[in-house]
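> Curious how this folds, go ahead:
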Amino acid sequence: MPWRSLMRYLSNNEELIRRLSESYPIRRAAQLTAYYFHASKDKFIEQKGKYERAGGWDKTKRDVKYDFKAAQDIGKEYISTLFRPYTDTWSNYKELRRQQEKTRPSSTSSTSTTTKTTTKNKKPFT
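Down below sits the predicted model:
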């Protein structure tokens, strides 16, 4: 609590503030602050001009769109590489099933009709 009252006293003391503002470190800090402010403002204006000459907002939108598309392509490639063993196995399984169906078409149809007739006559929960 005493620190708060001491700081309030020092910050409201006009003579102290005047003497501090005339001291070398405070003047030098103010000079450097003004210098960096104006130098960065000039750099910003220069870069803004280069940006506008390079295409401005339209170029930025195109670049972002292109970068996003490239990131999507990389992600798709990564996922396909990651799951390739499973997709290859699944496609091999589907191909094997097609070949099996081609070799025995008559035997599968007769078993399916027999199964249908037996299940039709059954009553549930008996």
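
> Outline the domain layout of the chain.
With domains defined by automatic domain parsing, the chain comprises 10-54, 56-101.

> So which of these is nearest residue 2?
Residue 2 lies closest, by C-beta to C-beta, to one member of the domains of the chain: domain 10-54, at 12.4 Å. In short, each C-beta sits where N, CA and C put it, glycine included.

> And the lengthiest helix in the chain, what does it pack against?
Identified as the longest helix of the chain according to DSSP state H is helix 56-103. Using 3 or more C-beta pairs under 8 Å, 6 or more residues apart in numbering; DSSP states H and E, no helix or strand is in contact with helix 56-103.

> So for that helix, mean pLDDT?
The average pLDDT within helix 56-103 is 84.

> Number the chain from 54, please
Understood, numbering begins at 54; the last thing we discussed is helix 109-156.

> Columns mean neighbour count and distance to residue 56 on top of the domains of the chain, output as CSV?
Formatted as CSV, the domains of the chain follow (neighbours: other C-beta atoms under 10 Å; distance: least, C-beta to C-beta, whole Å):
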stretch, mean neighbour count, distance to residue 56
domain 63-107, 10, 10
domain 109-154, 10, 50
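
> Tabulate these (JSON lines), appending distance to residue 57.
Listed next are the domains of the chain as JSON lines, based on distance: least, C-beta to C-beta, whole Å:
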{"stretch": "domain 63-107", "distance to residue 57": "11"}
{"stretch": "domain 109-154", "distance to residue 57": "49"}
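
> What angle do helix 109-156 and the helix or strand where residue 92 lies make with each other?
Using DSSP states H and E, residue 92 sits in helix 77-107. Here the directions of helix 77-107 and helix 109-156 differ by 60 degrees (axes from the mean of the first three to the mean of the last three C-alpha atoms, to 10 degrees).

> about what we covered before: from the chain's centre, how far out does the longest helix of the chain sit?
With C-alpha atoms, centre = their mean, to the nearest Å as the basis, helix 109-156 stands 19 Å off its chain's centre.
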